[in-house]
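*Asks:* Curious how this folds, go ahead:
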Amino acid sequence: MSPSSTSRFYYPDSQDIHDRDAFQTFNLIRLPEYLGGIANDTSAFRAYSALDLVSHCYITYRTDDGRNHRIEDPCNSSGYRALDGVAIHPHEKALKGSNTGALPQLDLSIDENGFLLIDPPTFTREENGVVGVGRDVSDEDILAGSKILLDTYSAGFPDSVIVPLTFDAGHYLHFVKPGNYNKSSFEYYHPTSRLDVISLQVTPNSYCIKESWTPTSHGYTRESFGVHDQTIFYEIRDDIYDYLYFDFCLDGHWYKIESTVSFEKLSKIVIDEFTDRNDD
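*Replies:* Numbering: from 1, shown residues only. This is a model prediction of the structure:
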């Protein structure tokens, strides 16, 4: 298998073509090069259950760059990180008490002839996971995976782009999606309140000058406030539920933040994590 490729197989008996079912179907993935898929050992491979935790549809590893090499569920469009099988939107995958909604996985080893082998799994949520239910992963392990994603992103983008791994409010980076034309997206979650999602989008913008730039409106009443020499624009959507849009410039990049957290909390995050840090 070449880096960034996938193949489907069946466990426990890949030769039994009569008794196979979705609960025995797994995806073998060789990670892309930037996530270590070039290594010639088991670290380059992942073997996850091919059954989505909520819809129970077959899920597929997407190898095209536009999908950011993630595992997708065609039935409800949500997906999982290829690096560790953790759900991109954990609040959608919290099924039957699963802590994180991570995909069940199989542990791999290599024999003396170079063949990949499956180590005998323990199908509990705390170990290899339960097919169709999920696998528990600690917040520390998720954060370690997030740091790998952020480090690989940072290696290919300008140092001037500020993307924190965590916010003081308790949110931590959960998903990184490098986009076309350097338009990148980042999702932050709170470990005890999975619905408090903070979405960050960073886009190079030659018109993004502090003194004169005004962002495109989101269709709601626009307000602004100043911090140091920085103008922070914001809009509040209050027709259905409070939804905040924050827009500001940093070093020629347009930062767009969307969230349902309170105005006070999001304002503090923007000031503490971006404006003050950039001013220093």
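*Asks:* What residues sit buried inside stretch 51-69?
*Replies:* Of the residues in stretch 51-69, Leu51, Asp52, Leu53, Val54, Ile59, Thr60, Tyr61, Arg62, Thr63, Asn68, His69 count as buried by neighbour count, 16 or more other C-beta atoms under 10 Å. Every C-beta, even on glycine, is put in place using the N, C-alpha and C of the backbone.
*Asks:* what about the helices in this protein?
*Replies:* Here the chain has its helices, by DSSP state H, at 90-93, 139-155, 263-270, 276-279.
*Asks:* Among these, show me which one is buried the most.
*Replies:* Neighbour counts (mean count of other C-beta atoms under 10 Å) averaged over each of those peak at helix 90-93, with a mean of 20.
*Asks:* Where is the longest strand in this structure?
*Replies:* strand 193-204 (DSSP state E).
*Asks:* Run the chain-centre distance for it.
*Replies:* 10 Å (C-alpha atoms, centre = their mean, to the nearest Å).
*Asks:* quick one: the residue in the chain sticking out farthest from the centre from His171, how far?
*Replies:* Ranked by distance from the centre of the chain (C-alpha atoms, centre = their mean), the top residue is His18, with 36.8 Å. Going from His18 to His171 by C-beta to C-beta, to the nearest Å gives 49 Å.
*Asks:* just Leu51 next, same as before
*Replies:* For Leu51 relative to His171 (C-beta to C-beta), the value is 30 Å.
*Asks:* Quick check: of the buried residues of stretch 51-69, which lies closest to Pro120?
*Replies:* Nearest to Pro120 among these is Leu51, at 19.9 Å by C-beta to C-beta.
*Asks:* What are the neighbouring residues in contact with Thr25?
*Replies:* Arg8, Phe9, Tyr10, Ser49, Ala50, Leu51, Tyr58 (C-beta atoms under 8 Å, 6 or more residues apart in numbering).
*Asks:* what's the closest of these to Ala102?
*Replies:* For these, the nearest to Ala102 is Ser49 (10.2 Å; C-beta to C-beta).
*Asks:* wait, what's in contact with that closest one?
*Replies:* Phe23, Thr25, Phe26, Asn27, Leu103, Pro104, Gln105, Gly129, Val131, Gly132.
*Asks:* Near the closest residue to the fourth one other than its chain neighbours, how many other residues are there?
*Replies:* Among residues not flanking Asn27 along the chain, Ala50 sits closest, at 4.8 Å (C-beta to C-beta, 6 or more residues apart in numbering). Other residues within reach of Ala50, judged by other C-beta atoms under 10 Å, total 25.
*Asks:* So Ala50 sits against Ala22, correct?
*Replies:* Yes: assessed by C-beta atoms under 8 Å, Ala50 is found in contact with Ala22 at 7.3 Å.
*Asks:* which neighbours do those two share?
*Replies:* Tyr58.
*Asks:* Now the buried members of the contacts of Ser49.
*Replies:* The neighbour count (16+ other C-beta under 10 Å) marks Thr25, Phe26, Asn27, Leu103, Pro104, Gln105, Gly129, Val131, Gly132 as buried among the contacts of Ser49.
*Asks:* Please name the spatially closest residue to the fourth one (chain neighbours excluded).
*Replies:* Distances taken as C-beta to C-beta, 6+ apart place Gly85 nearest to Leu103, at 3.7 Å, with adjacent residues excluded.
*Asks:* for the fifth one, same thing?
*Replies:* With C-beta to C-beta, 6+ apart as the criterion, Pro104 has its nearest non-adjacent residue at 2.9 Å, and that residue is Gly129.
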